[in-house]
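Trainee: take this sequence and fold it.
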Amino acid sequence: MAMGKSFRVFEKVSPPNPYSILLEQRSRDETLLFESQAVAVLSNQETESVKRLYTKLLDAYGCLGVLQLNAGESTILYLVLATGCVSVGKIGDSEVFRITQTNFVSLRNQGQDEDRISEVRKLLNSGTFYFCWSTTGEALDLSLCAQRRKKTSETDNRFFWNRMLHIHFLRFGIECSHWLLKALCGSVEIRTVYVGHRQARALIISRLSCERAGTRFNVRGCNDDGHVANFVETEQAIFLDSEITSFIQTRGSVPLFWEQPGVQVGSHKVKMSRGFEASTSAFDRHFAMLKERYGHQVVVNLLGSSLIGSKEGEAVLSQLFQAHHKSSPHANDVAHIIFDYHQECRGGNTKNLAKLKSKIDKYLDSFSVFFAKEDTTLGKQLAYLQLMEKPQIVSRFEEVFRQMWINNGNEVSKIYAGTGAIQGGSKLMDGARSAARTIQNNLLDNSKQEAIDVFLLGSTLNSELADRARILLPPNMLHASTNVLREMCKRYREYMLPRTARIAVGTYNVNGGKHFRSVVYKDVSFSENAKAWGEELQKVLSRDQKYVMVTYVQLVGNKGASAIRCVFYSTSLCFVCAHFAAGQSQVTDRNADYAEITRKITFPMTQQEMGNVFKNFLEGDIFFAPTYKYDLFSDDYDTSEKCRAPAWTDRVLWKRRKQIPDTEDWNPGTLVHYGRAELKQSDHRPVIAIIDIDIFQVDDARRSQAFIDVVQDLGPPDATIVVHVEIFDDNFIMTLLQELSQIGEVILVRFVEDTMWVTFRDGQCALVAAKKGFTQICGHELKLSLKTPDWCAQSEKEIELCSNNTVPLYEMPEDSTSSDINNVKTTFSSNYDRSCVRSQTHRPAPPSRPPQPSLSKISSTGLPTKKIIPKAGVISISFKTPGCQETPSLEHSPSKPQEHPAEEFITTPDDGTAIYEEIENILQSSCAPSSQPPQPPSNIDCYNSEPPLSSPPPLPDRPPRQQQQPPPVPERAAPPPVPARAGIPPPVPARTGPSTTLRHSTLS
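Mentor: Residues are numbered from 1 along each chain as shown. Okay, the predicted model is just below:
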């Protein structure tokens, strides 16, 4: 039976009643009612009683779920339906479809809602999303490869792109498998190949991970969790009757912190956003994750190796990749093969691929291919298949797979680059695609990136609440409701461990002088100058003990600012270096500079008022002489004709934002030292401030318990109670609703058999109403209970849907470097009480609960004389905008500013390199810095030291180094040694011994 439009949507527009939607499925008797942000399952009898009030809106092939778009403090809901699709092919009883058209139905029916999701619709209509459908039983799960399907039937969340659209259904207890599709982003190619009298299905499926998805220049490298950009798992499989043969390879971005900022035209420059040591943990975490999920790995590095020309950026990136690999613990068991694909196969010359084959032959001989016959799984060696005895069959598959691989590469390239893959065979076609990429990447990718974030997260997570939650909570908790996030941020002290850190902030105008006028070498010399300063500063700071440079940012120009933001434990820190307009008469210009800088730095929900410059910033008392303007190499102030008046132009200010406005025990920071140093090579003097600040570290166990407490206190997400009573009539219903409205806003009333279901605006009100238990209204006993008493289990399902659940293909020994991604889910599952009944503990009371009304004092007049039990029906409650609740206003916290870090500052090896992604670079050359870098202040290591009880005296002059030993700190372990990078590391040893389930990892 062919797939048809089995879903039908009806709408009801009857102001002042709320807008209502009915979703009907041809194969099911029930229907879904969407009204006032609630979802209810209506029986056939209920549907018939209300359907006459609705009009048909559209037909669809399937439903993807409900998109929750966060718009400030409110949430806009969209019902997402697939209204167009084409068949790709069949695998067994399942048929794969490509989505070509979608429709977003706003569940509040406001015209301006359409513009908010136009880019998301373009994303879904781009032809890169697929779903599977079957007429008999459960359809094939596209997120699972053939080998993983033998181990589990649970959908792999990495490739489950519309999982966030399922959450709204889960919160109201809807069985998602009956109503919703599961969408995969990537490419699916299916062909039929005849093997004698039998038909075989040749399949190539590429699954794009949603862990770090994005467009070409917006998402690069890896993140702190070890997830790389545009990670793709590609499976090549053959289905023949009950037999399955499958082979997997993976690809992704280079697992380092790198980016390509700015407008990219022609050649592209690669910038390393973190130093070597700061990238090591994420690099190791990525490879540990790969080995855990796929078994042993072989890296095929296809990056360019030439340090001259447009591929210079690729060569630098490749060398850093090799350096990290050789210094990592994975170098012994993960081979790294270098092959410059664009150089070796220039002009479509694929004969040189024999060189690559000769390098990987010894690994291919030990690799296995997955083979299963019915329910029996057999691992076959590639050489054991004996396919060469039947060359006519092999040639058919070769011809089919060759074209399928070309199509697959083009489809995957369109997702992140906007065009097909540049293959090097046709200069005309490659040139046209390069021009299209330039336009796409510089003009259209930002809106596409925002659409991807909205689709995967429900918003771009750029609000103040989301930014604070991202610092405090793990990724799988960020998709909780707004109420849960707000309460977790409000209760942060329940799961935070206070610590003290000492920060030294210095400012120094080095008076670098004018640079020679050269358009060609201008950018190169500036970047090399910043790199040289970074190396010298790190060298000087590391005299007493090792320091690691995380990153550096430079600003080329006379006026402006640069900013760096980082998260230290669970505290967000932002450092801004600004140079304002000079002169006593330039007050207006300085204020304008400040306003422009704060506007361009991306702080979430910045509400600085114009004119309130440096509001709430602190500065220590100034006990040092003016720092400007001096004659060079002299202690004399300006003796030139201008004779500038001495001024304190070099200052250090700081500010700490309150998490909760009414916090009493608030420490904005303690100034330890504020002074200047006597370095005379500039017309300025350097100024340094040493400040003790309070930071917080998350206790994972306490955080999990706090999350459970918040979920229990906020009540069930469906916010529905069940009223059990023997008699119903109009007077009784109105009286009951009046009493319940004193608890909270009622948005939906339904009659199910002999009960009445009442839905509130939030779950807290439902929890308060259900605690009444048995009560009386109009002289009749009634029982109030929750529709979903086990709502904590529903919250656990949400956590599982947002957590890593990938089943390993191959059981390997545990790696000490692998991270426990499911820690929060495991703790949550083991700690929460499924009945949601627990003993009272000493912790803060539930937030903002309304007073409990008295239901026992209702007059008993007008009692009904006969029993009236409606068989079915739905009562729509007029929509009322929820009143402003008294919740503490949250202070704004900074989000990550748009950084433009300079290049990596490490020494790279000289051996060969290899391609990965199409990256072009421009010629660079070095230029020596114009002056000597400054000598930094003395290093003071007092981490976790207690703040002084009174204002400390100024620091004395630096004594001899042997007399200024820092006090021992027993609570803080010594940092690990910085891995040595000098010289050429030893070659990667050949791996011995066969592997049973090896997987080929191709990074391209």
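Trainee: now do the strands in the stretch 451-600 of the chain.
Mentor: Per DSSP state E, counting those that start in this stretch, the stretch 451-600 of the chain carries strands over the ranges 496-507, 560-568, 571-579.
Trainee: with the stretch 251-400 of the chain instead?
Mentor: 258-259, 271-272, 298-301, 335-338, 368-373, 376-381.
Trainee: which other helices and strands contact the second one?
Mentor: Using 3 or more Cβ pairs under 8 Å, 6 or more residues apart in numbering; DSSP states H and E as the contact test, the elements touching strand 271-272 are strand 258-259. Placement of C-beta: from N, CA and C, glycine included.
Trainee: given the strand it packs on, what are its sheet partners and their directions?
Mentor: Strand 258-259 sits in its sheet next to strand 271-272 (antiparallel), going by DSSP bridges.
Trainee: rounded mean pLDDT for the partner strand, please.
Mentor: On average, the pLDDT along strand 271-272 is 86.
Trainee: how about stretch 42-61?
Mentor: Mean per-residue pLDDT for stretch 42-61: 93.
Trainee: quick one: contacts of it?
Mentor: Residues outside stretch 42-61 that contact it (Cβ atoms under 8 Å, 6 or more residues apart in numbering): 3-12, 14, 20-22, 24, 29-33, 81-85, 97, 103, 105, 750-752, 871-874.
Trainee: among the residues you listed, name the buried ones.
Mentor: 5, 7-12, 20-22, 24, 30-33, 81-83, 85, 97, 103, 105, 750-752, 872, 874 (16 or more other Cβ atoms under 10 Å).
Trainee: if we look at stretch 644-656, which residues are touching it?
Mentor: 505-509, 582, 584, 614, 616-620, 622, 625-629, 637-638, 667-669, 674, 676, 684-689, 691, 693.
Trainee: do stretch 188-208 as well
Mentor: Contacts of stretch 188-208 (Cβ under 8 Å, 6+ apart): 88-91, 96, 98, 128, 130, 142-143, 158-159, 184-187, 230-241, 393, 396-397, 400-401, 404-405, 407-408, 411-412, 415.
Trainee: inside helices: which ones of those residues?
Mentor: Assigned to helices by DSSP state H, the following of the contacts of stretch 188-208 qualify: 393, 396-397, 400-401, 404-405, 407-408, 411-412, 415.
Trainee: drop anything exposed from those residues.
Mentor: Buried, going by 16+ other Cβ under 10 Å: 396-397, 400-401, 404, 408, 411-412, 415, out of the ones in helices among the contacts of stretch 188-208.
Trainee: export the strands of the stretch 251-400 of the chain as a markdown table, with columns for distance to L317 and mean neighbour count.
Mentor: Formatted as a markdown table, the strands of the stretch 251-400 of the chain follow (distance: least, Cβ to Cβ, whole Å; neighbours: other Cβ atoms under 10 Å):
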| stretch | distance to L317 | mean neighbour count |
| --- | --- | --- |
| strand 258-259 | 6 | 22 |
| strand 271-272 | 8 | 22 |
| strand 298-301 | 10 | 23 |
| strand 335-338 | 13 | 19 |
| strand 368-373 | 32 | 19 |
| strand 376-381 | 35 | 12 |
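Trainee: mind putting these into TSV with distance to A766?
Mentor: Output for the strands of the stretch 251-400 of the chain, formatted as TSV (distance: least, Cβ to Cβ, whole Å):
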stretch	distance to A766
strand 258-259	47
strand 271-272	52
strand 298-301	54
strand 335-338	58
strand 368-373	49
strand 376-381	49
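Trainee: go through these and name the closest to L801.
Mentor: L801 lies closest to strand 368-373 among the strands of the stretch 251-400 of the chain, at 27.3 Å (Cβ to Cβ).
Trainee: which other helices and strands contact the closest one?
Mentor: If contacts are counted by 3+ Cβ pairs under 8 Å, 6+ apart, strand 368-373 sits against helix 146-149, strand 243-251, strand 376-381.
Trainee: partners of that strand in the sheet?
Mentor: Strand 368-373 pairs in its sheet with strand 243-251 (antiparallel), strand 376-381 (antiparallel), by DSSP bridges.
Trainee: check which residues of the longest one are buried.
Mentor: If I follow you right, that is strand 243-251. Neighbour-count burial for strand 243-251 flags 244-251 (criterion: 16+ other Cβ under 10 Å).
Trainee: dump the C-alpha coordinates for that strand into PDB.
Mentor: Extracted C-alpha coordinates of strand 243-251, given in PDB (Å, rounded to 0.1, in the frame of the first residue of the first chain):
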ATOM      1  CA  GLU A 243      21.200 -11.300   4.700                       C
ATOM      2  CA  ILE A 244      22.800  -8.000   5.600                       C
ATOM      3  CA  THR A 245      26.400  -6.800   4.900                       C
ATOM      4  CA  SER A 246      27.500  -3.500   6.400                       C
ATOM      5  CA  PHE A 247      30.600  -1.400   6.700                       C
ATOM      6  CA  ILE A 248      31.000   2.000   8.500                       C
ATOM      7  CA  GLN A 249      33.300   4.900   8.200                       C
ATOM      8  CA  THR A 250      33.100   8.300  10.000                       C
ATOM      9  CA  ARG A 251      34.300  11.800   9.100                       C
END
